[in-house]
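Q: Following is a predicted model, sequence given first.
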Amino acid sequence: MEKSIESIWKDGFLKKDALVAPKINELYKQKSIHIIDKIKRMMKMNLYAIFGFAVINSGIYVALGTPITGIVIFFLLMGVCWVSIKQAKTLKNIDSNLSSYDYIMTFRTWLNLAISNNSKVMRFIYPLAFLAALMPIIHALKTVKVTQEAITQSSLHLMYGIPTVMWLIAIAIAGAMFVYGDKIYKWDVSLVYSRVFQKLDELIADMEELKK
């Protein structure tokens, strides 16, 4: 955002003709500033965490002898970061001349849209990351002598040296992740942000009550 949140709230969260005590106005102004700043900080920290995990995860897969898997998952996670950063930039499109109440409502709308857009992307990321993460297991099954002999001597139908039933189970799980990916993502978001989102909604409800 080009302007600080403080400057956006210069007229108070209600219109100038609203009959609300200045002290109450100032209280909700400060609460709003605090909550929005906290959400933005949490989102930024989440991006740093994803990037850090992507780097460490790549190193682990290299150590396991499957560097391609590490690279694939790294770029999938970077794609998540890119989408989030691109959406964060759209915050600049919110009119800074809005009253404080209208601004916080617009911010909440932006937040809902960002979560909805991310959930659509994550429907593809979850199954792809899951399938990529199976590569070390496949690598071990095909290279470890004990498991290789056990698979060869079994009566199971094989596909590329791996029991077909294992391929079918993996595809079924990946398919379920695609179908329910949006719900998984929203559950993920709820684990991290539920408390601060609840505070934001409670603040909006209080402000709407004061507007009546």
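A: Perfect, thanks for sending it. Numbers count the residues shown, from 1 in each chain.

Q: which other helices and strands contact the longest helix seen in the chain?
A: With DSSP state H applied, the helix covering the greatest number of residues in the chain is identified as helix 22-63. In terms of contact count using 3 or more Cβ pairs under 8 Å, 6 or more residues apart in numbering; DSSP states H and E, helix 22-63 is assigned the packing partners helix 5-8, helix 67-89, helix 100-133, helix 181-211. Quick note: C-beta positions are derived from backbone N, CA and C, even for glycine.

Q: mind running it again at 10 Å?
A: helix 5-8, helix 67-89, helix 100-133, helix 135-143, helix 181-211 (3 or more Cβ pairs under 10 Å, 6 or more residues apart in numbering; DSSP states H and E).

Q: Could you pull up the mean pLDDT of it?
A: With pLDDT averaged residue by residue, helix 22-63 scores 84.

Q: cool, stretch 78-97 as well?
A: Throughout stretch 78-97, pLDDT has a mean value of 84.

Q: Quick check: buried residues in it?
A: Neighbour counts using 16 or more other Cβ atoms under 10 Å place 80, 83-84, 87-88, 91, 94 of stretch 78-97 among the buried residues.

Q: now do stretch 107-126
A: By neighbour count on 16+ other Cβ under 10 Å, the buried set for stretch 107-126 is 107-108, 110-111, 114-115, 118-119, 121-123, 125-126.

Q: which one of those residues is nearest residue 208?
A: Nearest to residue 208 out of the buried residues of stretch 107-126 is residue 108 (Cβ to Cβ; 11.6 Å).

Q: surely residue 78 meets residue 57?
A: No: the criterion here is Cβ atoms under 10 Å, and residue 78 misses it with residue 57 at 11.6 Å.

Q: Could you report the neighbour count for the closest residue to residue 104 other than its chain neighbours?
A: On the basis of Cβ to Cβ, 6 or more residues apart in numbering, the spatially nearest residue to residue 104 that is not a chain neighbour turns out to be residue 32, at 5.4 Å. The number of residues packed around residue 32, counting by other Cβ atoms under 10 Å, is 23.

Q: thinking again about what came up before, turn the helices and strands packed on helix 22-63 into a markdown table, including distance to residue 49.
A: Compiled in a markdown table, these are given as follows (distance: least, Cβ to Cβ, whole Å):
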| stretch | distance to residue 49 |
| --- | --- |
| helix 5-8 | 24 |
| helix 67-89 | 10 |
| helix 100-133 | 15 |
| helix 135-143 | 23 |
| helix 181-211 | 10 |
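
Q: right, so of those, which gets closest to residue 175?
A: Residue 175 sits nearest to helix 100-133 of all those, at 7.2 Å, using Cβ to Cβ.

Q: on contacts alone, who are the packing partners of that closest one?
A: In this structure, helix 100-133 makes packing contacts with helix 5-8, helix 22-63, helix 67-89, helix 164-179, helix 181-211, judged by 3+ Cβ pairs under 10 Å, 6+ apart.

Q: Go through those and name the closest to residue 138.
A: In this view, the helices and strands packed on helix 100-133 are compared for proximity to residue 138 by Cβ to Cβ, and helix 164-179 is the closest at 8.6 Å.

Q: Which strands or helices does the closest one pack on?
A: Using 3+ Cβ pairs under 10 Å, 6+ apart as the contact criterion, the elements in contact with helix 164-179 are helix 100-133, helix 135-143, strand 158-159.

Q: Cool, thanks, signing off.
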